[in-house]
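Novice: turn this into a structure:
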Amino acid sequence: MTPSAKPPRWIARTMGMSMTDRPQNLVRPARPMTLGQALAFLATAMLIGCAYRLIWLEKHRSADLREAARKQQTSSVPYLARRGWIVDSNPINPGRNTVLAASYLVDSVYIDAKPMQDETARRELVDRLATILNMGPSERGTLLTKVNEAAAVAARQAAEAAAKQAAGDEGEAVPEDAVEASPDPSAKKKRTPNPRCVWIDSMRWMEPAQSAAIRKLMAERDPVHKYDKRYPGLAIIAELKRDYPAGRLAAHQIGFLDKGGQATEGLELRFDKWLRGIDGAKWFIRTGRGQPLWSTEKEYDPPLDGLTLVLNLNAVIQSNVEQVLLDTVKKYQAESGTAVVMDVRTGAIWAMANVPMISLRKDNPPEKDAPYVREADEARRRNRALTDPFEPGSIFKWVNMAGAIDKHVVRETDTFDCSGGVMTIGKRVVHDVHGYGQLTVRLILVKSSNIGMSRIGMKMGKDLMYKNLCDFGLGQKTGVELNTVESEGKLKPLAKWQDGYTNISISFGQEISVTPLQMVRAFSAICNGGYLLTPRLVRAVVDDSAVMSGGAARVVEDYSVPKARRILQESTCKTMIDIMAEVVTKGTGQKAKSDKVAIFGKTGTAQIFERGHDTGEYTSSFICGAPVAAPRIAVIVSIRKPKKSIGYYGGTVAAPPAKQIVEDTLTFLNARGSGQ
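Specialist: Numbering: from 1, shown residues only. Okay, the predicted model is just below:
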């Protein structure tokens with residue numbers, strides 16, 4: 001071994017040398033990492049990173065990602081639920097109800113502008129549609145403008161998509177035209193309008209002949225390219241249309257849907273949760289372009305149709321009342337009129353009519369006296385029987401007299417001095433139309449003496465009078481189903497009553513405002529022996545889905561059981577009926593006297609005050625019940641601002657139509673004078 005040579009590693013280890021003392025030629029040089037080792041290290045690091053990422057996603061994002069995957073991979077076709085029917089009540093033949101509102105599928109047509117990039121073809125298609133659908137020049141121009149705008153949007157979207165694809169963006173968005181339904185069948189599906197699809201009102205809810213003509217148009221082939229459709233963007237979709245076969249009948253009570261199918265007024269809105277139903281869907285796996293491949297495990301959610309609303313209103317009675325009221329308003333050239341018919345035993349409202357009228361159906365030509373509801377102003381759409389309180393005048397006198405008799409303040413035979421037709425109390429002067437001297441309590445109501453009622457009111461006192469008014473439900477909502485639009489009327493709090501003044505005014509129907517429904521409800525308590533009832537427009541909510549397969553209908557909600565509380569003694573009611581029967585036979589209501597049925601009631605001719613000033617106009621009213629022996633119905637007719645030169649007294653204007661309504665109603669119900 002030469003002096004310059006380094007000893008082997010084992011020699012150095014044997015001799016006890018450290019590595020720093022070892023000769024350099026005895027240390028093994030470090031080996032560089034091979035390509036395989038580097039790749040293995042990199043793969044291990046990537047696997048660890050991916051595992052960490054997967055764990056994080058599973059913990060924090062799994063629900064969101066599953067939902068996103070479901071949206072990309074699945075789609076559905078909606079199956080529309082039928083909105084429930086609204087039908088009347090038929091006491092004569094319960095199985096034969098008149099349909100007042102119904103829904104059914106109708107074809108609508110639309111234009112998808114994406115495949116309609118040829119301007120000439122678009123113009124030609126719009127012209128042909130305008131001819132088939134009877135469009136006017138304005139509608140045609142609107143449609144052409146919308147189609148051209150939609151075509152421009154579609155072209156811009158296609159260009160943007162092409163630019164993204166050229167830039168290498170391989171992410172695929174959900175197609176615009178994919179229809180997605182919620183996995184929860186109880187949720188209402190909301191579809192975003194596609195900007196490239198166009199329709200206007202004239203293209204919705206086509207007649208069968210129009211639909212057939214459109215289908216022929218869709219089948220036409222391009223004259224150059226025989227295998228292509230001539231109008232590839234033309235398509236038909238089935239929509240649910242709400243129809244009101246009876247037109248104007250009970251229109252103010254039923255309400256209507258807007259163009260989007262949302263309930264806006266009346267019973268349609270109040271019972272929307274029962275009527276609207278739940279849409280169904282058929283689910284399928286789709287391609288990236290939205291084309292169906294196969295059905296999913298959750299293949300079909302059947303639609304749940306809406307329930308049927310059975311009203312207390314009867315179509316025959318309602319139609320008669322509406323016609324009588326309309327004729328009366330026309331005869332006296334009045335501003336408006338209201339009439340209500342109520343079953344005094346149950347609170348069921350057989351009819352509720354208002355003039356001016358509206359129609360829930362767009363007839364062609366339109367109905368003369370009832371314009372289409374969407375073209376009518378707010379004044380026509382008001383349900384005046386609920387929304388328009390008025391000073392009742394003399395039809396209110398029986399309220400205070402009944403309370404005074406019931407609380408033993410006066411007796412039927414008590415006598416009061418009516419001062420010859422003029423009575424002064426402080427600065428207050430009360431007049432009678434005719435001058436009377438001494439009158440019994442009975443004759444005070446028969447003769448409709450303001451002075452006599454004033455003296456009863458003073459004897460009654462404000463505390464007892466106020467309690468009596470509250471017992472009759474005045475100054476409060478009646479509880480009818482349309483209570484969101486119902487007025488409470490106007491009854492001053494007791495603390496604001498002026499001693500010796502307010503109770504005098506209220507005793508003959510001033511300084512208080514009531515709705516027609518409040519009055520007929522209160523009057524029904526006289527008719528039924530002293531019970532104040534909650535008026536009802538609706539009898540029941542019914543599930544009739546099993547009827548078509550031979551099953552029975554199921555009552556879901558039953559409103560037929562009366563809600564009542566006693567407010568008067570039965571003896572008081574019999575006395576008041578007897579007195580008001582004399583009002584008709586001998587007093588101010590003689591024009592309501594009938595040869596067919598015994599009627600009892602009270603007339604009223606109330607001055608109309610606006611902003612505290614007498615307008616010189618009147619509200620002419622008559623409220624009544626029948627038959628006398630066993631009352632079954634209560635009726636009010638109120639005519640606002642009749643032309644004075646023709647007639648304005650309640651006994652002249654309102655009593656005859658009320659008599660006609662009573663006769664027609666009891667004839668229909670087979671309950672003439674005997675009350676059977």
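Novice: average pLDDT for the longest helix anywhere in the chain?
Specialist: Longest helix of the chain, by residue count under DSSP state H: helix 137-166. For helix 137-166, the mean per-residue pLDDT is 84.
Novice: repeat that for stretch 486-503.
Specialist: The model assigns stretch 486-503 a mean pLDDT of 90.
Novice: now do the end-to-end distance for that stretch.
Specialist: With Cα to Cα, to the nearest Å as the measure, stretch 486-503 spans 26 Å from end to end.
Novice: could you say what helices and strands the longest helix of the chain packs with?
Specialist: helix 119-132, strand 197-198 (3 or more Cβ pairs under 8 Å, 6 or more residues apart in numbering; DSSP states H and E). Using the backbone N, CA and C atoms, a C-beta is placed for each residue, glycine as well.
Novice: bridging residues for the residue nearest to residue 607 when sequence neighbours are not counted?
Specialist: Excluding the flanking residues, the one nearest residue 607 by Cβ to Cβ, 6 or more residues apart in numbering is residue 614, at 5.7 Å. Judged by DSSP bridges, the bridge partners of residue 614 are residue 609.
Novice: likewise for residue 309?
Specialist: Applying DSSP bridges to residue 309 gives these bridge partners: residue 86, residue 541.
Novice: same check, this time on residue 605
Specialist: For residue 605, the beta-bridge assignment (DSSP bridges) gives partners residue 620.
Novice: quick revisit: quick one: which of the helices and strands packed on helix 137-166 is nearest residue 578?
Specialist: Across those, the minimum distance to residue 578, taken as Cβ to Cβ, is reached by helix 119-132, at 68.7 Å.
Novice: could you say what helices and strands the closest one packs with?
Specialist: If you count contacts as 3+ Cβ pairs under 8 Å, 6+ apart, helix 119-132 packs onto helix 137-166, helix 208-219.
Novice: name the residues of the longest one that are buried.
Specialist: Right, the one you point to is helix 137-166. 139, 140, 142, 143, 144, 146, 147, 148, 150, 151, 154 (16 or more other Cβ atoms under 10 Å).
Novice: any chance of these in a markdown table, plus distance to residue 373?
Specialist: Shown next, in a markdown table, are the buried residues of helix 137-166 (distance: Cβ to Cβ, whole Å):
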| residue | distance to residue 373 |
| --- | --- |
| 139 | 21 |
| 140 | 26 |
| 142 | 23 |
| 143 | 25 |
| 144 | 30 |
| 146 | 26 |
| 147 | 30 |
| 148 | 33 |
| 150 | 31 |
| 151 | 35 |
| 154 | 36 |
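Novice: return the member of these nearest to residue 377.
Specialist: Nearest to residue 377 among these, with distances taken as Cβ to Cβ, is residue 139, at 23.5 Å.
Novice: with just CA atoms, put whatever helix or strand residue 253 lives in into CSV.
Specialist: Using DSSP states H and E, residue 253 sits in helix 251-254. Extracted in CSV, the C-alpha atoms of helix 251-254 (Å, rounded to 0.1, in the frame of the first residue of the first chain):
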residue,chain,number,x,y,z
ALA,A,251,-118.4,37.0,-9.5
HIS,A,252,-117.7,39.3,-6.6
GLN,A,253,-117.7,36.3,-4.2
ILE,A,254,-115.8,33.8,-6.3
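Novice: what about residue 325, neighbour count?
Specialist: By the criterion of other Cβ atoms under 10 Å, residue 325 has 25 neighbours.
Novice: secondary structure class for it?
Specialist: Three-state call for residue 325 (DSSP: H, G, I helix; E, B strand; the rest coil): helix.
Novice: and it, how far is that from residue 159?
Specialist: 63 Å (Cβ to Cβ, to the nearest Å).
Novice: same check, this time on residue 403
Specialist: From residue 403 across to residue 159, the span is 81 Å (Cβ to Cβ).
Novice: go on, residue 111?
Specialist: According to Cβ to Cβ, residue 111 stands 21 Å off from residue 159.
Novice: same check on residue 427?
Specialist: Distance from residue 427 to residue 159, by Cβ to Cβ: 85 Å.
Novice: next: residue 382.
Specialist: 53 Å.
Novice: quick revisit: could I get the helices and strands packed on helix 119-132 as TSV with distance to residue 259?
Specialist: TSV is the format used below for the helices and strands packed on helix 119-132 (distance: least, Cβ to Cβ, whole Å):
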stretch	distance to residue 259
helix 137-166	15
helix 208-219	19
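Novice: what's the closest of those to residue 422?
Specialist: Among those, the nearest to residue 422 by Cβ to Cβ is helix 137-166 (65.6 Å).
Novice: pull the distance from the closest one to the chain's centre.
Specialist: Mean-position distance between helix 137-166 and its chain equals 37 Å (Cα atoms, centre = their mean, to the nearest Å).
Novice: quick check: angle from it to helix 119-132?
Specialist: 140 degrees (axes from the mean of the first three to the mean of the last three Cα atoms, to 10 degrees).
Novice: run a quick neighbour tally on the residue nearest to residue 112 when sequence neighbours are not counted.
Specialist: What sits nearest to residue 112 in space, not counting adjacent residues and going by Cβ to Cβ, 6+ apart, is residue 233, at 4.2 Å. As a burial measure, residue 233 scores 23 neighbours (other Cβ under 10 Å).
Novice: show me the contacts for residue 233.
Specialist: By Cβ atoms under 8 Å, 6 or more residues apart in numbering, the residues touching residue 233 are 111, 112, 113, 114, 115, 116, 125.
Novice: can you give me the helices for the stretch 551-676 of the chain?
Specialist: 570-585, 650-653, 655-669 (DSSP state H, counting those that start in this stretch).
Novice: so which of those gets nearest residue 249?
Specialist: Across the helices of the stretch 551-676 of the chain, residue 249 has its closest neighbour in helix 655-669 (15.1 Å, Cβ to Cβ).
Novice: tell me the helices and strands packed up against that closest one.
Specialist: helix 315-331, strand 336-343, strand 349-355, strand 600-610, strand 613-626, strand 633-640.
Novice: pull out the buried residues from that helix.
Specialist: By neighbour count on 16+ other Cβ under 10 Å, the buried set for helix 655-669 is 655-666, 669.
Novice: repeat that for stretch 400-418.
Specialist: 400-407, 409-410, 412, 414, 416, 418.
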